[in-house]
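**Q** all I have is the shape, not the residue letters:
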């Protein structure tokens, strides 16, 4: 599972220079450099300066709320006053009592109530509202959707701001569009950390558009982005997401950080960000921007309906940094694609940095870059460097690297290793004629037990 050594390295990386050198380029969004790959000036994590300070505090396990403390109990017989001896009984009542800086402790037990955090629930940059499992009882506080109807999210965040969700266990939500947490338009400065998600499943996952998600950021409105999000140190397991993904961030979302989570067996893609699906009327806002995917472990992702399930997938989106993740035993490793035709090249999948990841035992493809059809989306400005690929695509129709519709790709200083029998796949596969893959450079990579793909 998770390595304590890796966690230590990760924390050291972020905490050094708190708000100084590390955050100097991370002020307001109008000041963000235009590109990651070309200038190298702007890498994750992403967010405004106050959010990045909070992000570092979360990584150090600091408390970020200092107001009143309230309690809720699934076993309460009546609504109390919120004290530990007389806890609230329902979330709807408890949430109405919370102000900036307050903490609602969720006592051990099973809660069958859908939790809705609307725009009236607002902390501020100096005083987050926290909803957390009682200390020392993490993940004994269960939000359960047993016998819920279709389209049932265990928690909906609908315009709330400066809120932290910590240590809860979201489970047993079945049906079409089932899920753990859905973050909706206008929600900002939201943290979900140290939670468990399991047994979230659609019926008949092989049927097209049967969709479920563990966490879904769904930015469907032009005038209310989802922004300043941290999804940190959560566990996802025993899922059947059908045509959905375990962690999914789509459309008008910006400054999203998906860090140090474990995804194990989802029935489809592990972590997915993207856009150009037509969810927003303004095509300039219909894709994610500035997403940091780092230090996650994603494994055992296999599609129920026969498609290639990548551990990490950017399908649309701009300014994406995929750093130091581990992907293993998935049908695909890491993909940067473009399934939808963008309205303009300005909205293409663009500026993606893939570095220091380890991908092993991906059945079909280790690294895929480009739109997969001539008349669909374009991928531009992608750099994949210093990644390690071990024993991938060892089947006759498998490939280590797949290149399709793209412009401006650099694959360099990666290690491709095969030490598990005779390699049967291809090192490099070009899915479309050369005219569709422009300015592709594969150089200075290292190959063990394989032919070179450098060109």
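**A** That came through, no problem. If you're wondering where the values come from, they're calculated on a predicted model, not measured in any experiment.
**Q** what are the phi and psi angles of the closest residue to residue 159 other than its chain neighbours?
**A** Closest residue to residue 159 apart from its sequence neighbours, by C-beta to C-beta, 6 or more residues apart in numbering: residue 119 at 3.3 Å. Using the backbone N, CA and C atoms, a C-beta is placed for each residue, glycine as well. Dihedral pair for residue 119: phi -70, psi -10, per degrees, to the nearest 10.
**Q** again, but for the one 10 residues further on
**A** Main-chain dihedrals, residue 129, degrees, to the nearest 10: phi -90, psi 130.
**Q** please determine how far it is located from residue 120.
**A** 11 Å (C-beta to C-beta, to the nearest Å).
**Q** more neighbours: which of these two?
**A** Higher neighbour count among residue 129 and residue 120: residue 129, with 26 against 11, using other C-beta atoms under 10 Å.
**Q** so what's the more buried one bridging to?
**A** Per DSSP bridges, the residues bridged to residue 129 are residue 163.
**Q** that one reaches residue 102, doesn't it?
**A** Yes. Residue 129 lies in contact with residue 102 (C-beta atoms under 8 Å); the separation is 5.7 Å.
**Q** need the residues touching each of the two.
**A** Jointly contacting residue 129 and residue 102 under the rule C-beta atoms under 8 Å, 6 or more residues apart in numbering are residue 65.
**Q** number of residues surrounding the residue nearest to residue 159?
**A** For residue 119, using other C-beta under 10 Å, the count is 14.
**Q** with residue 408 instead?
**A** If we define neighbours as other C-beta under 10 Å, then residue 408 has 17 of them.
**Q** mind pulling the model confidence for it?
**A** For residue 408, the pLDDT comes out at 93.
**Q** for residue 306, give its distance to residue 375.
**A** Counting by C-beta to C-beta, the gap from residue 306 to residue 375 is 23 Å.
**Q** now swap in residue 304 and tell me
**A** Per C-beta to C-beta, residue 304 is found 28 Å from residue 375.
**Q** okay, those two: which has more neighbours?
**A** Using other C-beta under 10 Å, the more surrounded residue of residue 304 and residue 375 is residue 304, with 19 against 7.
**Q** what sits against the residue nearest to the more buried one when sequence neighbours are not counted?
**A** Leaving aside its sequence neighbours, residue 304 sits nearest to residue 205 (C-beta to C-beta, 6+ apart; 3.9 Å). Residue 205 sits next to 240-243, 267-268, 304-305 when contact means C-beta under 8 Å, 6+ apart.
**Q** which one of those residues is nearest to residue 410?
**A** The closest of the contacts of residue 205 to residue 410 turns out to be residue 268 (C-beta to C-beta; 29.3 Å).
**Q** now do the SS call for that closest one.
**A** The three-state label given to residue 268 by DSSP: H, G, I helix; E, B strand; the rest coil is coil.
**Q** hmm, it is touching residue 247, no?
**A** No. Assessed by C-beta under 8 Å, residue 268 is found out of contact with residue 247, at 11.2 Å.
**Q** mind pulling the model confidence for residue 110?
**A** pLDDT recorded at residue 110 is 94.
**Q** if you could redo that for residue 280, that was the one I meant.
**A** Taking residue 280 on its own, its pLDDT is 94.
**Q** residue contacts, it?
**A** 219-222, 251-252, 286.
**Q** in strands, which of these fall?
**A** Counting by DSSP state E, the part of those found in strands is 219, 251.
**Q** with pLDDT added, can I get the contacts of residue 280 in CSV?
**A** Output for the contacts of residue 280, formatted as CSV (pLDDT from 0 to 100):
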residue, pLDDT
219, 96
220, 96
221, 96
222, 95
251, 97
252, 97
286, 95
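**Q** same list (the contacts of residue 280) but as TSV, adding distance to residue 85 and neighbour count.
**A** Compiled in TSV, these are given as follows (distance: C-beta to C-beta, whole Å; neighbours: other C-beta atoms under 10 Å):
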residue	distance to residue 85	neighbour count
219	42	28
220	43	17
221	43	18
222	48	17
251	45	26
252	45	26
286	50	25
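**Q** now, the most widely separated pair of the contacts of residue 280?
**A** Largest pairwise distance in these, by C-beta to C-beta, is 10.7 Å, between 221 and 286.
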